[in-house]
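Colleague: Turn this into a structure:
(chains A and B)
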Amino acid sequence: MSNTIAGVNLAEIAQESLSALQSVFAPLNGVATDFSTDISARGESVTTRFPSNPTAQNLASGYTRTDVTTTAKTVTLNTFYGFVWGFNDLERSKSAIMLNDLFIQPAATALGRKVFGDLWNLVTAANFANTPLDVSAADFSRNSLIDLSADLTIAGAPSEGRAIITNPTYYGSILKTLNSAEFPGFIAQKSDATVPRVAKFDVYETDLADANAEDLAAFAFHKNALLMAARRVDSTGATQVGVEVEDMIIPGLNLPVQMRRWYNPASGELLYSLGVLYGVSVGRGDFGIRVTTP
Amino acid sequence: MELTTLTQAVDALAVAQSRISSLEADLVAANALLEEQAANFKFRIDELVAAHEATKVEAKVSEMQVTEVLASVGVAPVDIALEPSASKPASREDLWAEYRALPLEQRNAFYITHKSTLKSI
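Modeller: Presented below is the predicted three-dimensional model:
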């Protein structure tokens, strides 16, 4: 029989939370990910290898092996972050709403901001040495994206799997250039203020795209430029003492997220937690171009 | 013609009597014909009644024959084993138990499929 502390199945709460998590973590779709439901311990690492770009050879005189190199990138699962919240018996009794459930969305948002912030902190001049595109928000347009796409192609980045993450101001600039001349009439993109794929880029907007102390406004990249790995957290001990544990997989992203619920009889608190075990790393440093504010 | 003499009266009487005799003969003939026709009509009615009765008998015989044929092609009755679990829809508890038995990668799709039963909030 499933536990139904507070009257609602934790698995149902977890499933109903997936849409919020999917929205919060949407920018991760542009990043190379190694997610698995395998259980790992904090501190373990995941290794990804990138092949070098080979050059075709003349086979007329025979088949001579050409040495190839791979670049190994290790992502250490060094971040186990989440959010814990709860309310005591009196607070829950006095409230007409489900207080604990009310904070699931904010907890998911907090977790998403932490994960994205860790990735964004990797976007520095030291990690991505390509000449940045130095352009003001007012001049940032579709033409800018075309230039960025050309630069990535010159750098050898594959055409598929490209994305650009911008701050809201630069995102608005692209939106204005598209709305003014290229999208006549009243269409869904205008009413929803969304930017479709432009110049091979999936375009994402987030207020977490801060300057990184380097006037950073946006980052155009192939997904191999940034890496993220995540694994499930071992919950054997928790379940043995009666903690409800529900592991979820965010649809599309396959990121494992763990939700827990337990009651502390001493404090009279019903507690929830939402957590992710993950690590982030720079991948191909030549597959990313920063956009900076002059 | 106006009768003025006894002779004329006697002659007229003779003619009238002859006419009467002739009409009586005709009446007898007509009565005979009528009786003959009536007899023929009754005979026809009797024929129809007999034919109707014969048809009813034939229908009864055919019904009995059909019943015998149907009975001969029937199959032996078998016991119907009722399977209440096959017709009863899965309960919410059953579905959650099935959900928990699934690998993690299959749970999202399972929940979406059975959401109307599983969801309570």
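Colleague: per-residue confidence at residue A:89?
Modeller: Per-residue pLDDT puts residue A:89 at 87.
Colleague: And residue A:46, by the same measure?
Modeller: 79.
Colleague: pLDDT below threshold where in the stretch 151-294 of chain A?
Modeller: A:180-184, A:188-189 (pLDDT under 70).
Colleague: Could you pull out the strands in it for me?
Modeller: A:162-166, A:201-205, A:216-222, A:226-233, A:244-249, A:256-264, A:269-282, A:288-292 (DSSP state E, counting those that start in this stretch).
Colleague: could you give the angle of the first one to strand A:226-233?
Modeller: Meaning strand A:162-166. Taking axes from the mean of the first three to the mean of the last three C-alpha atoms, to 10 degrees, one finds strand A:162-166 and strand A:226-233 inclined to each other by 90 degrees.
Colleague: Please find the angle between the direction vectors of strand A:162-166 and strand A:288-292.
Modeller: Computed with the same axes, to 10 degrees, the direction of strand A:162-166 lies at 20 degrees from that of strand A:288-292.
Colleague: neighbouring contacts of strand A:162-166?
Modeller: A:27, A:29-31, A:120, A:140, A:145, A:148-149, A:152, A:174, A:200-206, A:209, A:217-223, A:291 (C-beta atoms under 8 Å, 6 or more residues apart in numbering or on different chains). C-beta: built from backbone N, CA, C; applies to glycine.
Colleague: Centre-most residue in chain B?
Modeller: Using C-alpha atoms, centre = their mean, the residue of chain B that lies closest to the mean C-alpha position is residue B:59, 11.5 Å off.
Colleague: Using the three-state scheme, assign that residue.
Modeller: Three-state assignment for residue B:59 (DSSP: H, G, I helix; E, B strand; the rest coil): helix.
Colleague: Against residue B:53, how distant is it?
Modeller: Distance, residue B:59 to residue B:53, using C-beta to C-beta, to the nearest Å: 11 Å.
Colleague: and what of residue B:39?
Modeller: Here residue B:39 is placed at a distance of 21 Å from residue B:53 (C-beta to C-beta).
Colleague: What of residue A:33?
Modeller: Residue A:33 is 95 Å from residue B:53, by C-beta to C-beta.
Colleague: do residue A:197 as well
Modeller: Distance from residue A:197 to residue B:53, by C-beta to C-beta: 93 Å.
Colleague: likewise residue B:14?
Modeller: Taking C-beta to C-beta, one finds residue B:14 at 59 Å from residue B:53.
Colleague: now swap in residue A:23 and tell me
Modeller: Relative to residue B:53, and taking C-beta to C-beta, residue A:23 is found at 89 Å.
Colleague: Quick one: name whatever helix or strand follows the helix or strand of chain B with the lowest mean pLDDT.
Modeller: One helix or strand of chain B scores below all others by mean pLDDT, DSSP states H and E: helix B:84-87, with a mean of 52. Per DSSP states H and E, the first helix or strand lying C-terminal to helix B:84-87 is helix B:92-101.
Colleague: how far off strand A:244-249 does that next one point, in degrees?
Modeller: 60 degrees.
Colleague: Report the distance from the helix or strand following helix B:92-101 to the chain centre.
Modeller: Going down the chain from helix B:92-101, the next helix or strand is helix B:104-113, by DSSP H and E. In terms of C-alpha atoms, centre = their mean, to the nearest Å, the centre of helix B:104-113 is set 62 Å apart from its chain centre.
Colleague: Tell me which of the strands of the stretch 151-294 of chain A lies nearest to residue A:86.
Modeller: strand A:269-282 (3.5 Å; C-beta to C-beta).
Colleague: Just give the strands next to the closest one in its sheet, each with its orientation.
Modeller: Sheet pairing of strand A:269-282 (DSSP bridges) gives strand A:79-88 (antiparallel), strand A:226-233 (antiparallel), strand A:256-264 (antiparallel).
Colleague: Switch those strands over to a markdown table; also include mean neighbour count.
Modeller: As requested, the strands paired with strand A:269-282 are exported to a markdown table (neighbours: other C-beta atoms under 10 Å in any protein chain shown):
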| stretch | mean neighbour count |
| --- | --- |
| strand A:79-88 | 16 |
| strand A:226-233 | 24 |
| strand A:256-264 | 20 |
